[in-house]
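Chemist: Here you go, sequence then predicted model.
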Amino acid sequence: MADKKKKNAPPDAQEYQAFQQQREVQRPIVKNCIKAFFVGGFICFIGQIISTFYIYFFHFTEQTVGNPTVATLIFITMLFTGFGFYDRIGQFAGAGSAVPVTGFGNAVISAAIEHRTEGFILGVGTNMFKLAGPVIVYGVFSAFVVALIKTILIQWGGL
Amino acid sequence: MLTGHQTWVFNNKPVIISTGTVGGPFEANGNIPNDFDLLHDDMWLKQDSFEKAQQTLMEEACQTAVKKSSIEKEQVQFFISGDLINQITPTSFAAKTIGIPYFGLFNACATSMESLALSAMIINAKGANYILSGTSSHNAAAEKQFRYPTEYGGQKPPTAQWTVTGAGCALVAQDGQGPKITSATIGKIIDMGITDPFNMGGAMAPAAVHTIETHFKERNIDPSYYDLIITGDLGHIGREISLDLLKKRGLSIQENQYVDCGLTIYREGQPVLAGASGPACSAVVTYGHFLNRMKKGDLHRILVVATGALHSPLSIQQNDPIPCIAHAVSIESGSDV
Amino acid sequence: MMIFFWAFVVGGAICVIGQLLLDVLKLNPGQTLTILVVSGAILDGFGLYEPLIDFAGAGATVPITSFGNSLVHGAMAEAETHGLVGVVTGMFEVTSAGISAAIIFGVIGALIFKPKG
Amino acid sequence: MQLGKWLLISAFLFTLIGCGTDSALDPPSKQRNEDIDLSEISTDQSISQEPSNRAKDILSHYDQITTIKAVNSDKEILIAIEIKHMERFKLAKIREQLTKEMKEEFDNLKVELSTDKKIVMELDKLEKNLKKQVYPKKDLQKKLNKLVEFSKEQT
């Protein structure tokens, strides 16, 4: 869609866009990737420490430890978001702090905190999944399609 | 008096008799804290929402401007103002508190000069004796409106800009002491098909170039006429692009004669990426910093070109390009005219 | 204790993929996360995500890709016992923790914190 | 734009497919792997731990295995193993293959084979206790049953 529009733009606009693109400060992709790697890796490392802790000291197996680990990470995220650190980490780390489940938590919690001024039902309630909604919607839908295909293959294809 | 197609020359020389500028904590930590009349150390200004905080900023800027002048609030005929937030409600609520007949404007970050040009025009035509014109913006309120929740950890690209928390207000009068408004060029919408809302400098540069070029052509003067040509909030990227474009069009503007409010307000090292933006950016820097320098005698003639990106979150999501505008107002110190 | 090392490396690598989606394709965070979740679901469809979890532990379960993976897992587990209907009903069986924790701490967060701006 | 998106996704897919999925276990070597962490349990329990010791003996011939724990009652046997980290990509297949082998070996017992760290730890504790004291038959059965249930939990 966007490409089509660009082709239909008047020639001076096209010329300007090309010129503008040259002058635009490029995103430091390599640097960003390195930062994302270390911060993202670190968050997963912390996650592993939490899981190991739960396995050693509580009644969880490797299979069942996932849920309490995620819940703990999201709890920590709430504190970081509430005290205003997470957005700074995010500006530094980019995907490094957005891709782990803490990023999902941050998206939900930041929206909830932000919209409390509009009341708890219509503000917090409606806007909570403003950012994280698509993740749930398309996660569920794609999982449905994948599981459906797989089930059909198993049941009738004898996979 | 209309000169050319889109330029007004004000023969009766409306005067800016006083100004009021208010800033937030981030501005207090910036490059020009001494040019603010009032600085707050709390983003909330003790209000219970960011929008109400912005309303308070606007009210305080107006009150300061009136207090610094020798007139009473009741003598002011009109309040001309606008902002970025949903249907400009912070400004409208501020207008309710101020209690003066009110024109609400929306031209995004160009609102500051739009309101100043209109005030000058009304004063020039003797439609009023005193007019308050100003704008406000609030970083967190703008983030919430246009981008993500303030606590969301999204990474902004290096082309993004930082919305100023503050409000700037000018009291324009028929006569009195102070810098005079001599002319204004009203810009038209320029749309070069840029769709990235995190690169407003790049989107707005052509609008600024168009308005500056038209201003010189229609007033038939040379860029050297002005000590400074001040753009609103083009930031690093927009400033350089527009300077190159202006040179390409044959306007001889010196590098040091061309400054940007968005690059003046903050220090090096503040995390503002490409520079500042927001309606308050050009308002507080012009009414604070540059008019102070004029009073000191550093500057005699300036041209302020406020630029605005007139997109909405909706238009961006529907893949529409960003329509941009720029308005230029020339201000000259009293002794000159 | 190799698991800690690999959790770091694999988790970091998935984040780098996310960063590339953000910077090279200039997607916004919402689109990036959505693509990652969908890839997690597809990878699990091919039976490729579980081995990664066995290998990297939290390095594979903490990134959002695992959300897609566990949604498929829940659906498949239920489908084994209830057939096609199970695909719909079993979806949240395994993943509920992430979503419910986000909701619970979201509301608690809104109760006790104000945005700092 | 659209094409690039899919290219990236498929690149991600192929990297993972590249990490080998076919061969799961190396054939058992003739010699016992001496590095394996295992201890034989005395057989003077109320229930003979002979099957557990036999399982350990068989499994210890696999080079990839690093830890073996096993306890049995007269009805079931629970075996927990750990493997070398780099082999963990094939963990599910290895588990399946070894479970099959153990089931063939102990056709009179219910066989449960786990690769879970927690089960390894729990069995280790149980083995140590078995060394110290003699459990009544019922207690051991109950304990083992609980562990088997625990190892099957999904969420």
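Modeler: Good, I have the coordinates.

Chemist: can you give me the end-to-end distance of stretch A:127-139?
Modeler: End-to-end span of stretch A:127-139 (CA to CA, to the nearest Å): 19 Å.

Chemist: element containing the residue nearest to B:Asp222 when sequence neighbours are not counted, please.
Modeler: Distances taken as CB to CB, 6 or more residues apart in numbering or on different chains place B:Phe216 nearest to B:Asp222, at 7.0 Å, with adjacent residues excluded. (Each C-beta comes from the backbone N, C-alpha and C, glycine too.) Assigned by DSSP states H and E, B:Phe216 falls within helix B:200-219.

Chemist: Which residue is it, in chain D, that comes closest to chain A?
Modeler: D:Lys118 (4.2 Å; CB to the nearest CB).

Chemist: hang on, isn't that residue packed against A:Phe58?
Modeler: No. Counting by CB atoms under 8 Å, D:Lys118 sits too far from A:Phe58 to count as a contact (9.5 Å).

Chemist: residues in contact with A:Asp12?
Modeler: Taking CB atoms under 8 Å, 6 or more residues apart in numbering or on different chains, we find A:Asp12 in contact with B:Met192.

Chemist: Can you pull out the low-pLDDT segments for the stretch 201-337 of chain B?
Modeler: Where the stretch 201-337 of chain B drops to pLDDT under 70, the residues are B:335-337.

Chemist: Residues of it that sit close to chain A?
Modeler: Residues of the stretch 201-337 of chain B that fall close to chain A, judged by CB under 8 Å from any CB of the partner chain: B:Gly202, B:Ala205, B:Pro206, B:His236, B:Ile237, B:Glu240, B:Ile241, B:Asp244, B:Pro271, B:Ala274, B:Asn319, B:Pro321.

Chemist: Quick check: pLDDT value at the nearest residue to A:Ala98 once chain neighbours are set aside.
Modeler: Among residues not flanking A:Ala98 along the chain, C:Pro29 sits closest, at 5.3 Å (CB to CB, 6+ apart). Confidence at C:Pro29, expressed as pLDDT, is 89.

Chemist: number of nearby residues for C:Pro29?
Modeler: 26 (other CB atoms under 10 Å in any protein chain shown).

Chemist: Does it touch C:Asp23 like I think?
Modeler: No. With contact defined as CB under 8 Å, C:Pro29 does not count as touching C:Asp23 (11.7 Å).

Chemist: Could you measure from the residue of chain A found nearest chain B over to A:Thr72?
Modeler: Using CB to the nearest CB, the single residue of chain A nearest to chain B is A:Gly90, 2.2 Å away. Look at A:Gly90 and A:Thr72: by CB to CB, to the nearest Å, they are 20 Å apart.

Chemist: Between these two, tell me which one has more neighbours.
Modeler: Ranked by neighbour count (other CB under 10 Å), A:Gly90 and A:Thr72 place A:Gly90 first, with 28 against 18.

Chemist: Mind giving me the packing neighbours of the helix or strand hosting B:Ile16?
Modeler: Per DSSP H and E: B:Ile16 is located in strand B:15-23. For strand B:15-23, the packing partners by 3 or more CB pairs under 8 Å, 6 or more residues apart in numbering or on different chains; DSSP states H and E come out as strand B:38-39, helix B:50-68, strand B:166-173, strand B:180-185, helix B:279-284.

Chemist: average pLDDT for that strand?
Modeler: 94.

Chemist: okay, D:Lys118 and A:Phe58: which has more neighbours?
Modeler: Taking other CB under 10 Å, D:Lys118 and A:Phe58 do not tie; D:Lys118 has more neighbours (23 against 11).

Chemist: What ranges in chain A fall below the confidence cut-off?
Modeler: Using pLDDT under 70, the flagged stretches of chain A are A:1-8, A:158-159.

Chemist: Kindly report the domain assignment for it.
Modeler: A:27-128, A:132-159 (automatic domain parsing).
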